[in-house]
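Engineer: coords below, sequence missing:
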């Protein structure tokens, strides 16, 4: 891996030179001042005058290969109907579908500035291979979904162990985690097993939580009045390693528990609104209680894209609207949700552009009408521009996009078209 | 103006050849079948294989030159505070600011597939000139805003007459209309005058209406309990020539009146949410009552861009969310709001791609991951893709963008930078 030098790039308003060595940002100096030692021979230089550096985004909840399932269930009446339509299609897909679907997703994420994604889907090896080839940081789940079937549970325990053992061979920065799909699809026994499995191996536990009002109501009637959050708390599942997607329908007590346990709560505004699951995400309350709030897109079958800039804008304007407060979810915090909070959730040394940090950087082209006005850069980036302002992307110290070109794009389209017949 | 031939373009799912003569679509035939007569010499041909034709969008409420005022009032507490900050800045701007600001807006609209916009801002001649040079269809207002000042009212009546006389010289398809800013900024006398002026000359009357709860409450206390809609009804102002922006805070009786009078109601979801004005736009009710619902972006100082595809997605998902109904604002209707309903509002022979209609066409590049899935084209266009899928745009029978290139782009950025000092 050769070193990279970004010349005259704007960073926090100042023209800077950035030196990247291996997968880290090794030095940042004022533009033209020279690094502390000579730039290694063979380093790749990019003139970034007029461009601005931002950290790569963290998409903290997705089902990447669903990039090939857009439009399935477009007319579903609610989340449960939609899931039933999806599950029917998923019976027919194989590892090659996941491989090409994940490649498509990575391509879209790169083009919209995301360099780390937290995935929950099938065929871990295929998903990991796709992400590794695309050069972006993946968190790959083994997904527990036993529907109270003890035989299935036994099979999944064995598979999860195997999948974990396989993941120990990964050496590209990818993380392995355990997913328990949701409280309504995973038995109590397996929730406990998954939590224990994750804890013993210092893995994250990824779960859908309080996505719909029905999920909460059903849980309360099944579990003596406990909400899904209270139920998981009683089982001893909650902790700072838990990444809970959606957390939409929360009581005050739920908010308190999620905060106390330092749970990561991932907001997926586009999916939640489109599937009419809800929209009153309790951002202020979760933040104040101590939960770690992040953003996600969910899978493309519901969201229907993986664009974090779009997710940022929609999240903020919907918060402002239903709270009747223009100051809700201010820009600085909003940006953290997509960057530093993601790094915090995954205990990664990233999310900011600073010496010693992971070299996950998007280079924004500000030479367009969107950045003309005297508004703060972040306001123009989030509210005015589109993701095509992202000119180049570095992930883990390597260019994964240069001037809007990602290598192998047409092969990905071709591969995807080939596997799409599995769901037609 | 030379003829244009679009070869092998997908139209309603079928490969077609489209012949454009002057500002009209003159013939549509199955691809390769040949037109009824020879294509005129010198016609401009474009090979559109793998691309799809859609009608140009109608942005039915904007303040175009505010493209240079993004971020002003980014932290305002509400619409009134925001307006005060804007009005302060507006004192210093001149015709050149409007000219370059409108050019910037047209550039962005072209790049996002909008070919007609309904504007409400200052310096009509400058705005018209900018739009005409950019080649897109503008509806330019003279804006009445007298704040109960009789001298100001007299001045504006005179100016409006003059402005109208000037507009009679336009021969580029641009329309002139009268705007009455809002019931809280225009005197009763001037509302009546503007309505009469418009009616006598068959002009549209463009007005902000029921944008905030405060506007409604204030009107009720000032006008014997009447809502802004009831007040305008009592004055005899409402009619099918009225284009009412926002119409967010409506009683059942307001909905009934807007429907009965066939008023055009323009929904501006991004502006309304971001300024926390509201979000429960009564789409179903207005549609059922007979009102003509369209979409707009509002000015960039609030919205903060002019992207109708983004407005479509946000409108639909927010409707689905607060109505708790995944079927709310279905795709076919949503698309009409941005196309045919705009044409209907302006009595223009456009909004669809058919023989004899105005040649306002966007050419969508579907060779990307966003269009891979078997989802309906409109689902992929609105929910998955970004506006950069729009490859080329024809407005009034002329190419205004070809393969993402708009002529004079760098001159526009330069001009805009020059006038920005007026608000710094």
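Structural biologist: Looks like it arrived, so ask away. Predicted, not measured: the structure shown is a model, and the values here were computed from it.
Engineer: can you name the residues bridging to residue A:25?
Structural biologist: Per DSSP bridges, the residues bridged to residue A:25 are residue A:20.
Engineer: and it, what is it in contact with?
Structural biologist: A:18, A:19, A:353, A:354, A:355, A:356, A:357, A:358, A:359, A:361 (C-beta atoms under 8 Å, 6 or more residues apart in numbering or on different chains). Quick note: C-beta positions are derived from backbone N, CA and C, even for glycine.
Engineer: which of those residues fall in strands?
Structural biologist: A:18, A:19, A:361 (DSSP state E).
Engineer: leaving out chain neighbours, which residue sits closest to residue A:305?
Structural biologist: residue B:384 (4.9 Å; C-beta to C-beta, 6 or more residues apart in numbering or on different chains).
Engineer: what's the burial count for that neighbour?
Structural biologist: Close neighbours of residue B:384, defined as other C-beta atoms under 10 Å in any protein chain shown, add up to 26.
Engineer: and it, what is it in contact with?
Structural biologist: A:70, A:300, A:304, A:305, B:370, B:371, B:373, B:375.
Engineer: kindly report the same for residue A:132.
Structural biologist: A:138, A:170, A:172, A:174.
Engineer: so it sits in a helix?
Structural biologist: Yes: with DSSP: H, G, I helix; E, B strand; the rest coil as the criterion, residue A:132 is part of a helix.
Engineer: now do the helices in the stretch 1-150 of chain A.
Structural biologist: Counting by DSSP state H, counting those that start in this stretch, the stretch 1-150 of chain A has helices at residues A:79-90, A:95-111, A:124-134, A:150-167.
Engineer: mind checking which of the ones you listed is nearest residue B:32?
Structural biologist: Closest to residue B:32 of the helices of the stretch 1-150 of chain A is helix A:95-111 (C-beta to C-beta; 32.0 Å).
Engineer: report the distance from that closest one to the chain centre.
Structural biologist: Relative to its chain's centre, helix A:95-111 lies at 14 Å (C-alpha atoms, centre = their mean, to the nearest Å).
Engineer: ranking helices and strands of chain A by mean pLDDT, which lands last?
Structural biologist: helix A:79-90 (a mean of 87; mean pLDDT, DSSP states H and E).
Engineer: next, the buried residues of that one.
Structural biologist: A:79, A:82, A:83, A:85, A:86, A:89, A:90 (16 or more other C-beta atoms under 10 Å in any protein chain shown).
Engineer: tell me which of these is nearest to chain B?
Structural biologist: Looking at the buried residues of helix A:79-90 and their distance to chain B, the nearest is residue A:82, at 8.0 Å (C-beta to the nearest C-beta).
Engineer: isn't the closest one up against residue A:275?
Structural biologist: Yes: with contact defined as C-beta atoms under 8 Å, residue A:82 counts as touching residue A:275 (6.0 Å).
Engineer: which residues do these two both contact?
Structural biologist: By C-beta under 8 Å, 6+ apart, the residues touching both residue A:82 and residue A:275 are A:76, A:302.
Engineer: and the residue nearest to residue A:94 when sequence neighbours are not counted, how far from residue A:89?
Structural biologist: Leaving out its chain neighbours, the residue that sits closest to residue A:94 by C-beta to C-beta, 6+ apart is residue A:422, at 6.6 Å. Using C-beta to C-beta, to the nearest Å, residue A:422 is found at 8 Å from residue A:89.
Engineer: equivalent analysis for residue A:21, please.
Structural biologist: Residue A:21 is 45 Å from residue A:89, by C-beta to C-beta.
Engineer: mind checking pLDDT for the residue of the stretch 51-200 of chain A found nearest chain B?
Structural biologist: Here the residue of the stretch 51-200 of chain A nearest chain B is residue A:71; by C-beta to the nearest C-beta that distance is 1.8 Å. pLDDT, residue A:71: 81.
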